[in-house]
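J.: Generate a structure from the sequence data that follows.
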Amino acid sequence: MLVDDTDLAKKKICLFPRATQSTSVPNRGIYQRLIIASLALHVSSMTRSALAKVIAKKLGITWKNAYNHIMNELNSCLIPSGIVIENGNIPSIRGPRIYQMTGIPCYSLSDIGILVACSLEELDIEVRKSLLQQLLNNNRQRTKVGGRSFIDARQREELVAHLQSYPQFTLELIKSGVIKFLEGKIHHPLDIIPKSNIK
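T.: Numbers count the residues shown, from 1 in each chain. A predicted model of the protein is given here:
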């Protein structure tokens, strides 16, 4: 049996405590959560240096130490798993020659990354609610992958209505979908939403 690179990358993601481990998130998971939360809070994409400055300040560590962790987490699991995407480059006049020619890469959250961000307690409930609402309302094609829609218009309307009336419950439902997705039990975090019971 062949193992997909995306599946291998997802196994390295430790955003939530595993059932077989203690109830706390491992150190690697803390960096992953902070990267996702930082990208969710910024309207535009961020460079690794900008991420390192934010995370170093939050954790009280040196910029270089934070930068090394960010490089490792982005390259080994967050980008390969599809949670973070490279979103263009900004020109550089200093630094390594390759960056002067191609620019410094910037990163942002993918659609799945936005759903993952909606499940993190590091973000205020209003921020998570706003992220989910923007994903569902403004970008109706973004919940499609490979031409297959993971949520139809009726389910989307129902989810938006539930988000307004029961935000905590709806965000917990999304969190449950994200956990099952990262464990490889479902193909997309929105697969957790019942398809036939919505009236």
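
J.: tell me the SS of residue 13?
T.: Secondary structure, DSSP: H, G, I helix; E, B strand; the rest coil: residue 13 is coil.

J.: Can you verify my assumption that it contacts residue 81?
T.: Yes - under the criterion of CB atoms under 8 Å, residue 13 makes contact with residue 81 at 6.0 Å. For every residue, glycine as well, the C-beta is placed using N, CA and C.

J.: which residues are in contact with both of the two?
T.: Residues touching both residue 13 and residue 81 (CB atoms under 8 Å, 6 or more residues apart in numbering): none.

J.: List the contacts of residue 83.
T.: Counting by CB under 8 Å, 6+ apart, residue 83 makes contact with 13, 36, 109-110, 112-113, 116.

J.: go again using 7 Å as the cut-off
T.: Neighbour list for residue 83: 36, 109-110, 112-113, 116 [criterion: CB atoms under 7 Å, 6 or more residues apart in numbering].

J.: Now, those residues that are in helices?
T.: Within the contacts of residue 83, residues falling in helices by DSSP state H are 36, 112-113, 116.

J.: Next one: the residue nearest the centre of the chain from residue 165, what distance?
T.: For the chain, the residue nearest the mean C-alpha position is residue 113 (2.4 Å; CA atoms, centre = their mean). Using CB to CB, to the nearest Å, we find residue 113 at a distance of 26 Å from residue 165.

J.: and if you look at residue 12?
T.: Counting by CB to CB - residue 12 and residue 165 are separated by 37 Å.

J.: Between those two, which is the more surrounded one?
T.: residue 12 (15 against 9; other CB atoms under 10 Å).

J.: Confirm for me that the more buried one is in contact with residue 76.
T.: Yes - using CB atoms under 7 Å, residue 12 is in contact with residue 76, at 5.9 Å.

J.: Name the nearest of the ones in helices among the contacts of residue 83 relative to residue 17.
T.: Residue 17 lies nearest to residue 116 out of those, by CB to CB, at 15.4 Å.

J.: Tell me who's in contact with that closest one.
T.: Counting by CB under 7 Å, 6+ apart, residue 116 has contacts 15, 36, 83, 178.

J.: Chain neighbours aside, what residue packs nearest to the third one?
T.: Translated: residue 83. residue 113 (4.2 Å; CB to CB, 6 or more residues apart in numbering).
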